[in-house]
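Participant: following is a predicted model, sequence given first.
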Amino acid sequence: MSFLAFFTLDSISSGNWQQLIYLVSLTGSVSLCHLHSFHESPRFYLVKRQFDKAFTVINECIMTNSPNAEPLSPEEKESLRELYSQRVSHDSTSYRSLFQEQHLFTTLASSTQWFGINFLSYGGMFIFPLILKQMDE
């Protein structure tokens, strides 16, 4: 953000604050536009028993990470089908399951971390003008 402020602001009293906020929010907007191009995780597809989609995503990952590697073999596909047909129930994939005793600590820790990162990011953007003002005085 300081890098963008260098180009958009002359000082605390002169410069284009609107342009600074626009440029800072642009990265999130670009990410939002590309959201539709991201695949669900293979595990999500396996749990939902959408095996063909899961195998497609896994093979794409394999080819991206190692172009010379072999895609999933029929035996590997069958073992994944059996594993996720027997062990994983739909109940373990609900939002409610995040707050069960075995997942509660991880859920709360992740939520706290997410909140902290966002609070620091937005808080830094809003406190930045005050810091510049104090530096000018």
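Facilitator: Nice, I can see it.
Participant: the chain: helices as residue ranges?
Facilitator: Taking DSSP state H as the test, the helices found in the chain are 2-8, 17-33, 42-47, 51-65, 74-86, 101-136.
Participant: out of the ones you listed, which one sits most buried?
Facilitator: helix 42-47 (a mean of 18; mean count of other C-beta atoms under 10 Å). In this view, the C-beta of every residue, glycine as well, is placed from N, C-alpha and C.
Participant: what's that helix packed up against?
Facilitator: Packing contacts for helix 42-47, counted by 3 or more C-beta pairs under 8 Å, 6 or more residues apart in numbering; DSSP states H and E, involve helix 51-65, helix 74-86.
Participant: average pLDDT for it?
Facilitator: Mean per-residue pLDDT for helix 42-47: 88.
Participant: just stretch 53-69 next, same as before
Facilitator: 92.
Participant: ok, residues contacting it?
Facilitator: H39, E40, S41, P42, R43, Y45, L46, E70, P71, L72, K77, L80 (C-beta atoms under 8 Å, 6 or more residues apart in numbering).
Participant: quick one: the second one and V57, what's the gap?
Facilitator: Which is E40. 7 Å (C-beta to C-beta, to the nearest Å).
Participant: that older thread, distance to Y95 added to the helices of the chain, as CSV?
Facilitator: Converted to CSV, the helices of the chain look like this (distance: least, C-beta to C-beta, whole Å):
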stretch, distance to Y95
helix 2-8, 37
helix 17-33, 22
helix 42-47, 14
helix 51-65, 21
helix 74-86, 20
helix 101-136, 10
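Participant: compare those helices and say which comes out lowest on pLDDT.
Facilitator: Taking the mean pLDDT of the helices of the chain, helix 2-8 comes last: a mean of 70.
Participant: list of residues touching that one?
Facilitator: Contacts for helix 2-8 (C-beta under 8 Å, 6+ apart): G15, N16, W17, Q19, L20, L23, V24, F128, L132.
Participant: a markdown table for those, including distance to T107?
Facilitator: Listed next are the contacts of helix 2-8 as a markdown table, based on distance: C-beta to C-beta, whole Å:
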| residue | distance to T107 |
| --- | --- |
| G15 | 42 |
| N16 | 41 |
| W17 | 37 |
| Q19 | 39 |
| L20 | 35 |
| L23 | 34 |
| V24 | 29 |
| F128 | 32 |
| L132 | 38 |
